[in-house]
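> Sequence and predicted structure are below.
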Amino acid sequence: MAKYFLLLLVLILGTAATSTQSRSLRSCNQVYNMIDYGAVGDGDTDDTQVLLFIYFVLITIICHLKTLNSSIIIILVFHKYDFLSQAFKDAYMEGSLKDVCKSSSCSPIIRVPSGKSFLLQPLTFNGECKPDQIIFQIDGTMKAPSDPSDWKCQEHRYCKQRIAFDEVDNLMIRGSGTVDGQGSTWWERRPSCKDHKHRDKRGGKGFARNVVFENIRFFNKFYLLILLQSSAVKISNIRFENIYGTSHRKPAVHIACGKSVPCTDIELSNVHLEAAGDGDGDGDDGDEPSTYCANVQGHAMGHVFPPLTCLS
């Protein structure tokens with residue numbers, strides 16, 4: 001049976017001298033460091049609940065705070081938190097709410113600190129909270145379980161993605177850290193495309209636009225994939241800048257869009273991907289990586305390797 005909890009927060013804002021005046025709840029960015037909320041960061045301890053707690057509890061409350069101006073605010077948060085154990089909530093609720101009371105940030109920063117490795121299960125962050133901007137500062141390592149059988153999915157989710165953002169606006173992911181998906185263990189388990197039927201929903205209303213990928217380095221990655229559901233989603237104004245690394249497969253750059261809904265305003269700037277020798281006999285060892293693109297409109301700027309002939 002689903003578990004719910006009710007959070008009642010009463011904030012007394014201002015002093016006697018200012019109690020009759022409305023008070024803006026907007027201020028500078030507030031940083032939420034995973035270590036400060038109980039994450040261990042040793043690469044072996046599961047720190048998933050800490051990150052989920054920061055996002056779903058702290059950020060949700062802040063989003064409500066930033067839209068209100070009052071001397072007394074009552075906030076009710078009634079949500080389903082099956083993934084949070086009671087012991088975890090008891091241990092961290094009090095300290096976390098104190099930080100919320102002190103913060104009126106409308107652009108919160110969730111920090112994955114450097115020098116630490118955080119073992120994380122698959123995560124999905126939804127867009128029910130809409131601050132002006134959410135920033136993920138990844139300076140440390142976000143590490144997946146090494147054995148795929150150890151992955152734990154959130155309710156009604158499939159373990160087919162590491163980190164997902166659903167209906168989140170104004171998201172920025174930055175930092176000098178690493179996202180280690182333990183990909184080599186999955187290559188051996190990948191299903192055959194011959195055994196599956198592929199069908200998309202034409203004329204769908206989905207879209208992805210105004211997205212920037214920059215200053216990213218890949219190690220032995222599969223390929224740069226823009227779109228799988230080739231006719232269901234409108235892709236526009238996507239920029240890839242300063243992307244470097246090695247590719248496990250050919251083609252290294254894979255941009256496939258539908259004839260009825262082509263991708264538009266796609267820009268690649270300063271992209272360099274080399275083939276990674278893997279010794280698996282698939283023809284990648286020592287060969288130059290290739291590219292594939294279909295129904296794409298855009299342009300390439302600066303150095304782009306391997307070159308994309310579909311971009312002007």
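Looks like it arrived, so ask away. Numbering: from 1, shown residues only.

> Once you drop chain neighbours, what's closest to Asn33?
Once flanking residues are discounted, Asn33 sits nearest to Arg111: 4.7 Å by C-beta to C-beta, 6 or more residues apart in numbering. Quick note: C-beta positions are derived from backbone N, CA and C, even for glycine.

> just Met172 next, same as before
Ile135 (4.7 Å).

> For that neighbour, give me its contacts.
29, 107-110, 172-174 (C-beta atoms under 8 Å, 6 or more residues apart in numbering).

> count of neighbours near the residue nearest to Asn33?
Burial of Arg111 is recorded as 20 neighbouring residues (other C-beta atoms under 10 Å).

> doesn't Gln30 make contact with it?
No: Arg111 lies out of contact with Gln30 (C-beta atoms under 8 Å); the separation is 10.6 Å.

> What ranges in the protein fall below the confidence cut-off?
By pLDDT under 70, the weakly predicted segments of the chain are 1-29, 57-106, 126-132, 153-160, 187, 189-205, 221-232, 277-287.

> And it, what are its domain boundaries?
1-13+25-146+166-182, 203-312 (automatic domain parsing).

> just to revisit the earlier point, where's the residue nearest to Asn33, which helix or strand?
strand 109-112 (DSSP states H and E).

> Counting by contacts, list what that strand packs against.
strand 31-33, strand 134-138 (3 or more C-beta pairs under 8 Å, 6 or more residues apart in numbering; DSSP states H and E).

> Just the buried residues of that strand, please?
109-112 (16 or more other C-beta atoms under 10 Å).

> Can you name the next helix or strand after that strand?
strand 117-119.

> neighbouring contacts of the next helix-or-strand element following that following strand?
Sequence-wise, the next helix or strand downstream of strand 117-119 (DSSP H and E) is strand 123-126. The contact list for strand 123-126, computed with C-beta under 8 Å, 6+ apart, reads 48, 51-52, 55, 154, 157, 161-168.

> from the residues you listed, which is closest to Ser146?
Closest to Ser146 out of those is Arg162 (13.1 Å), distances taken as C-beta to C-beta.

> Just give the nearest non-adjacent residue to the closest one, would you?
Gly181 (5.1 Å).

> And for Thr291?
Closest to Thr291 by C-beta to C-beta, 6+ apart is Val253, at 4.4 Å.

> Next up, the contacts around that neighbour.
223-224, 268, 271, 273, 289, 291-293, 306, 308.

> In ChimeraX, how would I select just the buried ones from these?
Restricted to buried positions by 16+ other C-beta under 10 Å, the ChimeraX selection for these reads:
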select :223,224,268,271,273,289,291,293,306,308
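
> Just give me the closest of the contacts of Val253 to Asn242.
Val271 (7.9 Å).

> so the closest one sits right up against Phe305, yeah?
Yes: if you go by C-beta under 8 Å, Val271 and Phe305 touch, sitting 6.9 Å apart.

> And the helices in the stretch 101-250 of the chain, which stretches?
184-187 (DSSP state H, counting those that start in this stretch).

> Surely Pro289 and His272 touch.
No: contact criterion C-beta under 8 Å: Pro289 and His272 do not qualify, at 10.1 Å.

> From Arg217, how far out is the nearest residue in space to Ile35 that is not next to it in sequence?
Once flanking residues are discounted, Ile35 sits nearest to Pro113: 5.7 Å by C-beta to C-beta, 6+ apart. Distance, Pro113 to Arg217, by C-beta to C-beta, to the nearest Å: 20 Å.

> before we move on, back to that, which of the contacts of Ile135 count as buried?
107-110, 173.
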